[in-house]
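>>> Prediction below, plus the sequence it came from.
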Amino acid sequence: MCRKSLVLALFVLFVGSGVFGAQSDETPDLFQVPVVKSSWDDLTEGIKTQEDWSKRREILRKRYLELIRDEHKPKKRPPLELEVHETAVVDETYTRKLISYNVEADDRAFAYLGVPLELDGKAPAIVALHGTYPKGKERAAGLVDNPDKAYLDHLCRRGYVVIAPEHFVSGHRIPPEGPYETGRFYEKHPQWTAVGKFTYEHSIAIDVLQTLEEVDPDHIGALGHSLGGHGTIFLAAYDERIKAAACNCGASFFRHNPRVEAWARDHWYIYIKHIRPGLLEHKLPPIDFHEIISLIAPRAFLDLSGLNDGIPGTQRQRIPMLMRIMDVYELEKAPQNFAFYVHGRGHSVAHESRQLIYGWMDTHLKPPEATETHLVTE
């Protein structure tokens, strides 16, 4: 046999055996893929079907509402009585308004509202949540501090109606003791939680959006960084009107967190006051973040996090946690609605993170033609 024929024969042999091509169904696997085990596996332990998951989900939702003590929110939402305090046109592109509206009978929230000037029909809308910053809504509007976090400005230029509500202990409502001091809140609402309060208020921000004639009420998303990041998780798990959510550098979970007590510290900003006694006895709440995030499924959720963000090593636990959440999306037959991005930029909203977040919103809130590609015709 000539050398050329020998090479051809060997090629045919290798292709037929699957070395250079797809293996046949009869070909045994050369290597077994090990099953990745972690403490987050309890999310779907014993769950075999979508019906099984639906039953587990009801249990988890009840635990979530108990965690934030939702039963202690106001018995009835007050009428919004929306007021406009300032109006500005930005670069002849969108109108920015400073607004306020009722969140309790004796409490009004302030927010910036951005509406693009040129809209072709009703537009998708976003609730943009700021981080722990005294002038958070101003930063979200691009008026102060870091322009990387000017979500309202960025998104209005992309055709979204955006509301950037202030956190209840910031902006126009900073307590006399200082920004993010929750003492007076707990004096007024000793049985509620700060998480329950801000989640309830952010849900009312959705009410505001749905009153606007420019907004498509069925295409509303939420996003945020840091405090606004886990605020987005809490809101999307709480209010199913959020159809797409993105959490950027949201806080650490309860388990595998050496500083878990910070969720119930005894001073300054106290997230969930009632769990402090248990935490001090090394008892974790009956629900953790993988279970709270799973309540968002099958709606769209994107998580972005820095491996080097916060307590060294802690955020590495986020990866096995998110892998288990993917199991839930697969059970819900919506794996395309879940994604995560892990990076080494610490506690940031870098360019690539913003592009992923905004692209995620475009994919899940805008019509398909807004993101489809086309072949070159000439």
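Arrived safely.

>>> For stretch 149-167, buried residues please.
Neighbour counts over stretch 149-167 (16 or more other C-beta atoms under 10 Å) mark 149-156, 158-167 as buried. In this view, the C-beta of every residue, glycine as well, is placed from N, C-alpha and C.

>>> Kindly format the C-alpha coordinates of it as PDB.
Output in PDB follows, covering the C-alpha atoms of stretch 149-167 (Å, rounded to 0.1, in the frame of the first residue of the first chain):
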ATOM      1  CA  LYS A 149     -23.800  53.600  38.000                       C
ATOM      2  CA  ALA A 150     -25.900  56.100  36.100                       C
ATOM      3  CA  TYR A 151     -28.400  53.400  35.100                       C
ATOM      4  CA  LEU A 152     -31.300  55.800  34.500                       C
ATOM      5  CA  ASP A 153     -29.300  57.800  32.000                       C
ATOM      6  CA  HIS A 154     -27.900  54.700  30.300                       C
ATOM      7  CA  LEU A 155     -31.200  53.000  29.900                       C
ATOM      8  CA  CYS A 156     -33.300  56.000  28.900                       C
ATOM      9  CA  ARG A 157     -30.900  56.400  26.000                       C
ATOM     10  CA  ARG A 158     -31.700  52.700  25.100                       C
ATOM     11  CA  GLY A 159     -35.400  53.400  25.000                       C
ATOM     12  CA  TYR A 160     -36.500  52.400  28.500                       C
ATOM     13  CA  VAL A 161     -38.700  54.200  30.900                       C
ATOM     14  CA  VAL A 162     -36.800  54.100  34.200                       C
ATOM     15  CA  ILE A 163     -37.700  54.800  37.800                       C
ATOM     16  CA  ALA A 164     -34.800  55.200  40.300                       C
ATOM     17  CA  PRO A 165     -36.400  55.200  43.700                       C
ATOM     18  CA  GLU A 166     -34.400  56.300  46.800                       C
ATOM     19  CA  HIS A 167     -33.800  53.800  49.600                       C
END
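
>>> looking at it, residue 169 is touching residue 183, isn't it?
No - counting by C-beta atoms under 8 Å, residue 169 does not reach residue 183; the two are 9.7 Å apart.

>>> who's more crowded, these two?
It is residue 169, of residue 169 and residue 183, that has more neighbours when counted by other C-beta atoms under 10 Å, with 24 against 14.

>>> separation between the more buried one and residue 134?
With distances taken as C-beta to C-beta, to the nearest Å, residue 169 is found 9 Å from residue 134.

>>> what touches both of these two?
residue 179 (C-beta atoms under 8 Å, 6 or more residues apart in numbering).

>>> Just the mean pLDDT for stretch 211-229, thanks.
The pLDDT scores in stretch 211-229 average 98.

>>> what helix or strand is the nearest residue to residue 133 once chain neighbours are set aside on?
Counting by C-beta to C-beta, 6 or more residues apart in numbering, the nearest residue to residue 133 once its immediate chain neighbours are dropped is residue 139, at 5.6 Å. If you go by DSSP states H and E, residue 139 is part of helix 136-140.

>>> Does anything pack onto that helix? Which helices or strands?
With contacts defined as 3 or more C-beta pairs under 8 Å, 6 or more residues apart in numbering; DSSP states H and E, the packing partners of helix 136-140 are strand 107-116, strand 161-165.

>>> ok, back up a step: any shared contact partners between residue 169 and residue 183?
By C-beta under 8 Å, 6+ apart, the residues touching both residue 169 and residue 183 are residue 175.

>>> sorry, back to before: out of the helices and strands packed on helix 136-140, which gets nearest to residue 124?
Residue 124 lies closest to strand 161-165 among these, at 7.5 Å (C-beta to C-beta).

>>> Between strand 107-116 and the closest one, find me the angle.
For strand 161-165 against strand 107-116, the angle by axes from the mean of the first three to the mean of the last three C-alpha atoms, to 10 degrees is 150 degrees.

>>> need the next SSE after strand 161-165, C-terminal direction.
Later in the chain than strand 161-165, the nearest helix or strand by DSSP H and E is helix 183-188.

>>> What residues of that next one count as buried?
residue 185.

>>> CA-only coordinates of the helix or strand following it in PDB, if you can.
Using DSSP H and E, the next helix or strand after helix 183-188 towards the C-terminus is helix 194-210. Output of helix 194-210 as PDB, limited to C-alpha atoms (Å, rounded to 0.1, in the frame of the first residue of the first chain):
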ATOM      1  CA  ALA A 194     -35.700  46.900  56.700                       C
ATOM      2  CA  VAL A 195     -35.700  44.300  53.900                       C
ATOM      3  CA  GLY A 196     -39.400  44.000  54.000                       C
ATOM      4  CA  LYS A 197     -39.700  47.800  54.000                       C
ATOM      5  CA  PHE A 198     -37.500  48.500  51.000                       C
ATOM      6  CA  THR A 199     -38.900  45.500  49.100                       C
ATOM      7  CA  TYR A 200     -42.500  46.800  49.700                       C
ATOM      8  CA  GLU A 201     -41.500  50.300  48.600                       C
ATOM      9  CA  HIS A 202     -39.800  49.000  45.400                       C
ATOM     10  CA  SER A 203     -42.900  47.100  44.600                       C
ATOM     11  CA  ILE A 204     -44.800  50.400  44.800                       C
ATOM     12  CA  ALA A 205     -42.300  51.800  42.300                       C
ATOM     13  CA  ILE A 206     -43.700  49.200  39.900                       C
ATOM     14  CA  ASP A 207     -47.200  50.600  40.700                       C
ATOM     15  CA  VAL A 208     -45.900  54.000  39.600                       C
ATOM     16  CA  LEU A 209     -44.600  52.600  36.300                       C
ATOM     17  CA  GLN A 210     -47.800  50.900  35.600                       C
END
